[in-house]
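Chemist: Got a predicted structure here, sequence first:
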Amino acid sequence: SRFEVGLRSRGGSSAPCPGLSPLSDRVRSRRRMEEAMLDEGGGQGDNEMRITTAGKVHNYLRYAMMLLNEKKLETVKLSAAGNAINKCISVVEILKRKVPQLHQWNFIESREVSTSKSGQYGASSRHISCLSVVLSRSPNVHPQTDEHGYQPPSSE
């Protein structure tokens, strides 16, 4: 193609991204792993949000506020894996301040992900941390209000 011809004329290889640093390869593969981890959790319902490193906090907040206020849903579930966990926690804390009387349940797990690419020898795997947070106006969503991971609404 014309793009490949342009690369060859500059002395580069016919690879689609010459000069791509190994760090950006790792960042790209980490994002793919995070998305794969979230996809393993099953289908996404109307009240579920998958937080990724690429998304913006204000977009997640706007969507969650729309689910809770306009659609009048009782619960919202936010899921994140890997480096997106920090963003998920930020979204949850801001939501709890904007929407009063939200009960919170946190579920943390570690999942194993294969990191070997097709055609490579020696399969390897990594463990990725995953966080799921359920926010609800009702305390009856999960009966485990006395277990670890439950946070009652703030009294502010």
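Modeler: Received, thanks.
Chemist: Going along the chain, name the helices of the chain.
Modeler: Applying DSSP state H to the chain gives helices spanning 2-9, 22-39, 57-65, 85-98.
Chemist: Can you give me the buried ones in the third one?
Modeler: By neighbour count with 16 or more other Cβ atoms under 10 Å, helix 57-65 contains the buried residues 60, 64. For the C-beta atoms, the positions are set from N, CA and C on the backbone; glycine is no exception.
Chemist: any idea of the angle that helix forms with helix 85-98?
Modeler: In terms of direction (axes from the mean of the first three to the mean of the last three Cα atoms, to 10 degrees), helix 57-65 departs from helix 85-98 by 50 degrees.
Chemist: Now do the contacts for the spatially closest residue to residue 110 that is not a sequence neighbour.
Modeler: Nearest residue to residue 110 in three dimensions, chain neighbours excluded: residue 127, at 4.8 Å (Cβ to Cβ, 6 or more residues apart in numbering). Going by Cβ atoms under 8 Å, 6 or more residues apart in numbering, residue 127 touches 110, 111, 112, 113.
Chemist: Can you get me a residue count around the third one?
Modeler: Same thing as residue 112. 10 (other Cβ atoms under 10 Å).
Chemist: So it versus residue 67, what's the distance?
Modeler: 31 Å (Cβ to Cβ, to the nearest Å).
Chemist: got it, and the second one?
Modeler: Applying Cβ to Cβ, one obtains 26 Å for the distance of residue 111 from residue 67.
Chemist: now the protein, which segments are flagged as low pLDDT?
Modeler: Counting by pLDDT under 70, the chain has low-confidence residues at 1-44, 117-120, 143-146, 156.
Chemist: The contacts of residue 127, buried ones only, as a PyMOL selection?
Modeler: Filtering the contacts of residue 127 down to the buried ones (16+ other Cβ under 10 Å) takes a single PyMOL command:
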select buried, resi 111+113
